[in-house]
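Enquirer: what follows is a predicted protein model with its sequence.
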Amino acid sequence: MCTVGHVSRKLLLILAGSIVMACDSGNSDTGAAGRAGAVSSTGGAGANAATSGHSGAGGNAAAGRSGASGNATAGHSGAGGNATAGHSGASGNGAGAAGHAGNGAAGEHYTGPSVGSAKQFAALAYNSVTTANTSSMVGSIGVSAAAISVITGFDDPGYKKYGSDSLAPNADLTGAAQRDVTILVGNIDPRACDSDLTDVVGGLTGDVTIHPGVTCMNSFSADVLINGHVYFDAGGNPNAYFIVRGNKTLTVADGAQIVLQNAARSCGIFWRISEAVTVGKTVAFSGTLIAGTAITMKTASTLNGRALAQTAGVQLDANTITAPSDSDCPHTQ
């Protein structure tokens, strides 16, 4: 259950016949997810709140949002605010590292995950990369546990393809990249949830805005469906990162779109899904897709990011995958 103030958007998450609604972008004084912590501050002038929430004028909050002249160790910085992370009110100064996972100030150092040696790959699979109709890749194509011959449909000599039978110095290129994907997952999984959509239940459909940090969907017992638009809002910080983490499968409905706003970058978005990922037809998707098993993209969908399948294949059908470049995303490389 969530307590919601001013909700700007919602996302329909359909789970095992149930409708699950994620509430976000609200101003909530209580709740496990959102911008506020478990306890709101109620102090007026000069009052200090030890836990997260909203402080009044002159109040100090350890996390959440501060009012005018308030000092917040975490939150989103407003006009005149100097926040390492989070929201501080006018003339507020923030110095914390919490808030939306330390993604507040525009010039803040990147603290998100790194893809390591997998950076060059548009598609990296365990045992196959195939396409039913002509697909386009900007970036390398690799399989870590099979020969190059299982990469099919990419016959243009301009493609860089690697497998377990690649010759030196690339003999272990895909194996090392896959190990770095394992390290990437090990970096993502222990991170605390900044927004927990696990127990948020509702019946409204619509779109959702994701803020920087870790958005968890870990307790869903069946497939999660994204339908509509998902907005990733970096709040003007090009070094912001976003993690969407789920422990089952993810299906993206036909025609869904990932929309990047306010300096958000595709290389700063990580979809960590424990099982399979299926992207429907004509989807515009962004971010690094990390699937515990297989990744399937249906006809005419695009991915601005990477498809990384840990224990199975990547199956395509007239798709385009564009891996982020070093010049576009130096902080994640």
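Expert: Good, I have the coordinates.
Enquirer: where does the stretch 1-150 of the chain dip in pLDDT?
Expert: 1-107 (pLDDT under 70).
Enquirer: shaky segments in the stretch 201-333 of the chain?
Expert: Scanning the stretch 201-333 of the chain for pLDDT under 70 picks out 201-206, 218-223, 330-333.
Enquirer: now the strands for it?
Expert: 208-210, 213-217, 224-227, 229-233, 242-246, 250-252, 257-261, 269-273, 277-279, 284-291, 295-297, 302-309, 314-316, 320-322 (DSSP state E, counting those that start in this stretch).
Enquirer: pull up the pairing partners for the third one, direction included.
Expert: The one in question is strand 224-227. strand 9-15 (antiparallel), strand 250-252 (parallel) (DSSP bridges).
Enquirer: with the fourth one instead?
Expert: In the sheet containing strand 229-233, the strands it pairs with under DSSP bridges are strand 208-210 (parallel), strand 257-261 (parallel).
Enquirer: cool, the second one as well?
Expert: Partner strands and pairing direction for strand 213-217 (DSSP bridges) are strand 195-196 (parallel), strand 242-246 (parallel).
Enquirer: and the angle from it to strand 269-273?
Expert: 30 degrees (axes from the mean of the first three to the mean of the last three C-alpha atoms, to 10 degrees).
Enquirer: can you check the fifth one too?
Expert: Counting by the same axes, to 10 degrees, strand 242-246 points 10 degrees away from the direction of strand 269-273.
Enquirer: helices along this structure, start to end?
Expert: For the chain, the helices defined by DSSP state H occupy 173-188.
Enquirer: doesn't residue 260 make contact with residue 230?
Expert: No - counting by C-beta atoms under 8 Å, residue 260 is not a contact partner of residue 230; they are 10.0 Å apart. Placement of C-beta: from N, CA and C, glycine included.
Enquirer: return the distance of the spatially closest residue to residue 316 that is not a sequence neighbour relative to residue 162.
Expert: Distances taken as C-beta to C-beta, 6 or more residues apart in numbering put residue 131 closest to residue 316, at 4.0 Å, once the chain neighbours are dropped. Distance, residue 131 to residue 162, by C-beta to C-beta, to the nearest Å: 17 Å.
Enquirer: same check, this time on residue 155
Expert: According to C-beta to C-beta, residue 155 and residue 162 sit 16 Å apart.
Enquirer: more neighbours: the two, which one.
Expert: residue 162 (24 against 9; other C-beta atoms under 10 Å).
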